[in-house]
Every structure is written in structure tokens, then in C-alpha cells.
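S.K.: no sequence on this one, just coordinates:
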């Protein structure tokens, strides 16, 4: 088949679906749901898949809000991923309503030509990106076995070939001390809040001596009951981030040393838990990125390289783990004016704007055309696989 003809067909199909996709984006935006609670979005998206002739597997991989649908009988299998969870308090301030519907649109458009083009497309609903590690859980259950490449698109304040995705793991810390009356007999107490505060300050000092691509940030989730009672129990929630999943490991040990020494200083004890589902750094596949950028250019979007343009969006995602398993991309698509950061109230508003709607359609078209490149251009697929073979190996991302 003529590749340019097929690309036009998938773009036309997205235009036919435009009203439904935008309506679905707005509905998801109006019903924000947290990690693994995305029942509304799950039902809406799977109903749309079924309405357009696919047979989605609902509640896939033993995850209540995951789904998977397949079109095409043979050929390279390309997965298009949909995210649809929101953030506490600020809703869709990461624009996952756009990710979900751009992914759905790309998948449905590719599905319409899959048999004729000789390829297979997987439309995968991946819940709980905002800390729950839905993609990691799905990968452990075999969701990405047999997948030749995977892609998604993420909203931002710029069109970028990639996000600066760094590795992250969450740490829960608890201090145990001894309660006492803070006025009558403070000497009988062992202050767990003092331990938490000292631990926080130790990490604040550590921040002077970590790498530019490393981040440490935490909050107090329990800090005592009343001022006149020496706090006997406190808890903290920390995010530890580093450039790669490998460099994350020694930083984790430095953080623990800061927190444990505070317990010793205050005569308290400390327990900790590294929360499951470490997020890896993202390995963006160069040939796939180039294909996506060219296809987005056909739509009037100039997709910038963060390195040469100086435009950066820094964060963490469980798509990083998938990029170690299959060739993957995670480009950013502009929905907001320059300088409006993701995870902000302002960005949440832009995620349901006319610019957000355009990103749904352009994201769907650019990804669908990239799927076509992987199906119908043997050179693109071969280059994609060759570059993927050069990734770091022996790294545990599951």
C-alpha cells in the first residue's frame, strides 16, 4: 500500500471521530478519578471501543480499571497507551483526559486500516500513572509480551520530542518516640516530631550535594496530636528521584542515612517502606521520535528537541519502565501557553480548552501516522529495533 495514502486515511478517520473524542475528553476532565479508581473513564473508553467494532477486554490483567483491545490479524504489533487518572485536589492538571482520547483516536484510526496495512494495533488503558504504577503492574502480568513498539503523547506547554523523565521511588517513613506531658514532665518524652524535623533538615542539607537531575521532596503526613503532648509517632512521605533507575539506588541509601541519624539523635526508632513500583527513566527511541516529529510537522506543529531548544519538562512516569521492555516514545504536545506548568490549576483549565481539543486530534493523527510508518516502512521498524537493542540491559524495571 502507498504509505502516504494510508496516512491520509487515518487522519480522515480521526476527523470523523473528532466530535466523540473531544466529548470524551471533556467528560473525563469533568469526572477526575484517582489511582485505580477510574471507573467512569474505563467505562466510557471501553464503550467507545465496543461501539466502533472492537472487543475490549475490560478489567484487564487483574486490574479493575485497565483495558486492552486489539485490531489486525498479523504483522508488527504497536501499542498505543491511554492514561486517564487525575491528581488529588487539582483534577486533570496533568491532562490525562487528552492522553486517553488522543490514544483512543490513534488506535481507532489505525484499527480501521490494520488488516489492509498488514499490522496489529493494541489500544491499552493504563491506569494509575500518578504514583500507582499501573503500567508496571500490567507489564508484570505480560501485557507487553509480543509488542513491537509502544507510544503515547503527553500534554505540556510546548511541542517536544521527549520529556525529561527521571527515575523515582516513594518512601514512607515512621518515627516512634515516647509520649509525655510537654509542661509537667517533658524529660520523660522522646519527641518523634523532633526526629522527623531533623530528618527533613538533614535531607535539606543533602540537597546541596546531589546531581542537577536529582530531586528530593517530602511532606509530614502525621505530626502529633496536641501541643501539650510530646509527639510519640510521626510519619513522612518522600519522593526520591534520580536521572536513571541505576543512579537512584545509591541516592536512596543517602536519604535513609539522613532519616535514620535523626532518629538516633532524638532517642527514637524509625521504620521505613520503599513503595512498590519504582519508576524508571525514559529511553525515547530515536527513529520513532523522528517519525513522530515529521508526522506532527504535517499537522503544522514544530516539535522541538529539549536539548537544543532549552525547553524542558521534568517529571517521572511509569512509561519509563515500558521503554526498557519495548521501543517507546513519550512526546509532549502543546496545549497551554509557554510557561504554564503541568500539575498546576492553570494547566487543568487548559486541558479542557480549544487548544486541548486540538491536541487530542493532532496527537491522535501524529501517533496514528507513526503507527503506519512502523507497519509500512521496513526501514523505520528495523532502525527502531536496532536502536532499542543498544539500551542498557540487566536493569530490573519490574
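M.R.: It's in. Predicted, not measured: the structure shown is a model, and the values here were computed from it.
S.K.: hmm, who's touching stretch 104-114?
M.R.: With contact meaning C-beta atoms under 8 Å, 6 or more residues apart in numbering, stretch 104-114 is reached by 6, 9-11, 13-14, 17, 21, 24, 45, 48-49, 52-54, 69, 71-73, 75, 78, 80, 82, 119-123, 360-361, 363-365, 367-368, 371-372. C-betas here are computed from N, CA, C, even on glycine.
S.K.: Show me those that map onto strands.
M.R.: 69, 71, 78, 80, 82, 120, 121, 122, 123 (DSSP state E).
S.K.: The residue lying closest to the fifth one once chain neighbours are set aside in helix, strand or coil?
M.R.: Taking C-beta to C-beta, 6 or more residues apart in numbering as the measure, residue 82 lies nearest to residue 103, with 3.8 Å between them; neighbours along the chain are not counted. At residue 103 the chain is in helix, as set by DSSP: H, G, I helix; E, B strand; the rest coil.
S.K.: what's the biggest helix by length in the chain packed up against?
M.R.: As assigned by DSSP state H, the longest helix anywhere in the chain is helix 3-30. Judged by 3 or more C-beta pairs under 8 Å, 6 or more residues apart in numbering; DSSP states H and E, helix 3-30 is in contact with helix 39-51, helix 96-117, helix 354-376.
S.K.: May I ask which helix or strand encompasses the closest residue to residue 236 other than its chain neighbours?
M.R.: Leaving aside its sequence neighbours, residue 236 sits nearest to residue 173 (C-beta to C-beta, 6+ apart; 4.5 Å). Per DSSP states H and E: residue 173 is located in strand 167-176.
S.K.: Counting by contacts, list what that strand packs against.
M.R.: For strand 167-176, the elements it packs on are helix 192-206, strand 233-242, helix 245-265, strand 269-274, judged by 3+ C-beta pairs under 8 Å, 6+ apart.
S.K.: chain center to it, what's the gap?
M.R.: Chain-centre distance of strand 167-176: 20 Å, with C-alpha atoms, centre = their mean, to the nearest Å.
S.K.: Which positions in that strand come out as buried?
M.R.: Across strand 167-176, burial judged by 16 or more other C-beta atoms under 10 Å covers 167, 168, 169, 170, 171, 173, 174, 175.
S.K.: Quick check: end-to-end length of stretch 344-353?
M.R.: 15 Å (C-alpha to C-alpha, to the nearest Å).
S.K.: Sorry, slip of the keys, the one I care about is stretch 64-82.
M.R.: By C-alpha to C-alpha, one end of stretch 64-82 lies 15 Å from the other end.
S.K.: re earlier: which one of the helices and strands packed on strand 167-176 lies closest to residue 159?
M.R.: strand 233-242 (24.6 Å; C-beta to C-beta).
S.K.: The closest one pairs with which strands, parallel or anti?
M.R.: Next to strand 233-242 in the sheet, as set by DSSP bridges, lie strand 167-176 (antiparallel), strand 215-222 (antiparallel).
S.K.: Can I get these in a markdown table including mean pLDDT?
M.R.: Listed next are these as a markdown table, based on pLDDT from 0 to 100:
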| stretch | mean pLDDT |
| --- | --- |
| strand 167-176 | 98 |
| strand 215-222 | 98 |
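S.K.: Would you format these as a markdown table with distance to residue 198 included?
M.R.: Output for the strands paired with strand 233-242, formatted as a markdown table (distance: least, C-beta to C-beta, whole Å):
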| stretch | distance to residue 198 |
| --- | --- |
| strand 167-176 | 10 |
| strand 215-222 | 13 |
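S.K.: Ok, which of the ones you listed comes nearest residue 150?
M.R.: The nearest among the strands paired with strand 233-242, by C-beta to C-beta, is strand 167-176 at 18.4 Å.
S.K.: now that closest one and helix 245-265, what's the angle there?
M.R.: Strand 167-176 and helix 245-265 are oriented at 10 degrees to each other (axes from the mean of the first three to the mean of the last three C-alpha atoms, to 10 degrees).
S.K.: Double-check residue 137 against residue 61; I have them as touching.
M.R.: Yes - the criterion here is C-beta atoms under 8 Å, and residue 137 meets it with residue 61 at 7.0 Å.
S.K.: of the two, who's got more company?
M.R.: Using other C-beta atoms under 10 Å, the more surrounded residue of residue 137 and residue 61 is residue 137, with 22 against 18.
S.K.: which element is the more buried one on?
M.R.: helix 134-140.
S.K.: quick one: buried residues of that helix?
M.R.: Buried residues in helix 134-140 (16+ other C-beta under 10 Å): 134, 135, 136, 137, 138, 139.
S.K.: The residue most central in space within the chain: what's it in contact with?
M.R.: In the chain, the C-alpha closest to the average C-alpha coordinate belongs to residue 317, at a distance of 3.3 Å (C-alpha atoms, centre = their mean). With contacts defined as C-beta under 8 Å, 6+ apart, the neighbours of residue 317 are 129, 154, 163, 165, 279, 282, 330.
S.K.: Repeat that for residue 328.
M.R.: Contacts of residue 328 by C-beta under 8 Å, 6+ apart are 149, 150, 151, 282, 283, 284, 285, 288, 319, 322.
S.K.: What of residue 271?
M.R.: Contacts of residue 271 by C-beta under 8 Å, 6+ apart are 173, 174, 176.
S.K.: Which strand residues bridge the last one?
M.R.: It refers to residue 176. residue 233, residue 269.
S.K.: Which residues does stretch 132-142 contact?
M.R.: Under C-beta under 8 Å, 6+ apart, the answer for stretch 132-142 is 35-36, 60-63, 65-66, 81, 85, 124, 126-129, 143-144, 276-277, 279, 318-319, 321-322, 325, 397-398.
S.K.: what does stretch 24-32 give?
M.R.: By C-beta under 8 Å, 6+ apart, stretch 24-32 touches 40-41, 44-45, 48, 84, 86-87, 91-92, 96-98, 100-101, 104, 351-352, 356-357, 360.
S.K.: if we can go back for a sec, kindly reformat the helices and strands packed on strand 167-176 as a markdown table containing mean pLDDT.
M.R.: What follows is the helices and strands packed on strand 167-176, written out as a markdown table (pLDDT from 0 to 100):
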| stretch | mean pLDDT |
| --- | --- |
| helix 192-206 | 98 |
| strand 233-242 | 98 |
| helix 245-265 | 97 |
| strand 269-274 | 98 |
